[in-house]
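Following is a predicted model, sequence given first.
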Amino acid sequence: MTRPIIKVKRLAYVRVSAPDLDEAESFLVQFGLRVATRTDSAVYLRGTDPEPPCYVLSQGAAEVTAIAFETDDAADLEAISKTDGASAIEKLDEPAGGQVVRLRDPNGMQVEIVHGQTPLEPLAAAPSHVLNVDGRRERQGPLPGVHPGPAHVRRLGHLVLESADPVSLYAWYHERFGLRKSDEVLLPGGGTQMRFAALDRGPEFVDHHVVGFQYALDEGTRVQHMAFEVGNLDDLMAGHHHLKAKKRRSVWGVGRHRYGGQIYDYWANPWGVIHEHWIDTDLVNEDTVPSDCEFADLEEYWGPPPSVSFVVSRWNWKAVRNLARLLAARLRAGRPRSAESPSH
Ligand SMILES: [Fe+2]
């Protein structure tokens, strides 16, 4: 296996554009992000963790226009700036400052490698309490601090990149940034439906995936969803009901994933761009042995089947053909109920 040029430290932020900034911001605040700063051209949103803003919203078509990873040191920026197609090291002229190297992945997605951004003061996280479960009786008296309202987003955790060739795309990210396969779901008849990839931090335990490389049924390219960690189960469920009360569009959840183990809840913004709340990920490190699973055999731990709009990002004849193949494989395997159940 090729030795990666650098090993990135974390997913730093996404840049997302939307046709109506006010409407987009309204969704994000109901989703549980907080506005950190505004400039003439963008709104910077953050979670309660002290990291710099993880969501940069600007005017434009409804899409994710860039993804960013933080590096450990300036030497990593230097190394990546010498790779084919990469920019020189530039000053990041934004509220959190820092330096950036920009490049484009094989599908044209802008990837920004950043270092030296200024952290923020942490905000109050979701109120927490021990649970009187599994025979434990540790919490006496009423639940403290559980309120209706938006979830408390802590941070950006992962995203899923869709393409017609997820294995090649994975290789590009692995070779440059050290992302490392944690598990894989295989398409009927061969090929990859989803390759989950984690940060490579050696012995340190990290989230099960920071990027999922997913086969796009329409064979297009995009960020299929972005996922944000929230506080705890009460926080996630309060957030769910808040978004429901605001008439936002649920596209999948609440449930618990087989791969990654997260309790998940997916919502579409007004233009269909999918945002996930999650808690409780599996953790992996350099000793974790990846597993492969046939798509037809994949079952989530629990939860409803996804909506069609979660499974198919855009309809074309390829999406119809490929979805029919997946459904047929699930039916052959005797799993009709969650026939379209994808990994995530
Ligand atoms: Fe996810």
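In hand now; what should we look at?

Okay, now the unreliable bits of the stretch 51-200 of the chain?
The stretch 51-200 of the chain contains no residues with pLDDT under 70.

Which stretches in it count as helices?
Counting by DSSP state H, counting those that start in this stretch, one finds helices in the stretch 51-200 of the chain at the ranges 74-81, 166-177.

got the residue ranges for the strands in the stretch 201-344 of the chain?
For the stretch 201-344 of the chain, the strands defined by DSSP state E, counting those that start in this stretch cover 206-207, 211-215, 222-229, 249-256, 263-268, 274-279, 283-284, 291-294.

weakest of those strands in terms of mean pLDDT?
Ranked by mean pLDDT, the strands of the stretch 201-344 of the chain bottom out at strand 291-294, with a mean of 92.

So which bits of that one are buried?
Using 16 or more other CB atoms under 10 Å as the burial criterion, the residues of strand 291-294 that qualify are Cys293. C-beta: built from backbone N, CA, C; applies to glycine.

contacting residues around Ala238?
Val146, His147, Pro148, Gly149, Pro150, Ala151 (CB atoms under 8 Å, 6 or more residues apart in numbering).

Save the strands of the stretch 201-344 of the chain as a markdown table, and put in distance to Ala86 too.
Shown next, in a markdown table, are those (distance: least, CB to CB, whole Å):
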| stretch | distance to Ala86 |
| --- | --- |
| strand 206-207 | 25 |
| strand 211-215 | 19 |
| strand 222-229 | 21 |
| strand 249-256 | 35 |
| strand 263-268 | 33 |
| strand 274-279 | 29 |
| strand 283-284 | 28 |
| strand 291-294 | 33 |
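
Could you report the neighbour count for Leu45?
Applying other CB atoms under 10 Å, we find 24 residues neighbouring Leu45.

Likewise for Val308?
Applying other CB under 10 Å, we find 11 residues neighbouring Val308.

cool, and Val130?
Counted with other CB under 10 Å, Val130 comes out at 9.

Spatially nearest residue to Asp213, not counting backbone neighbours?
Not Asp; residue 213 is Phe. Closest residue to Phe213 apart from its sequence neighbours, by CB to CB, 6 or more residues apart in numbering: Pro166 at 3.7 Å.

Just list the residues touching that neighbour, thanks.
Listed by CB under 8 Å, 6+ apart, the contact partners of Pro166 are Thr192, Met194, Arg195, Phe213, Gln214, Tyr215.

element containing the residue of the stretch 1-150 of the chain found nearest the ion, please.
Among the residues of the stretch 1-150 of the chain, Leu11 lies closest to the ion, at 11.9 Å counting by CB to the ion. Assigned by DSSP states H and E, Leu11 belongs to strand 10-18.

what is the mean pLDDT for the helix or strand just after that strand?
Scanning forward in sequence from strand 10-18 by DSSP H and E, the next helix or strand is helix 21-31. Average pLDDT, helix 21-31: 98.

between the contacts of Ala238, which is closest to Leu28?
Using CB to CB, Pro150 comes nearest to Leu28 of the contacts of Ala238, at 9.6 Å.
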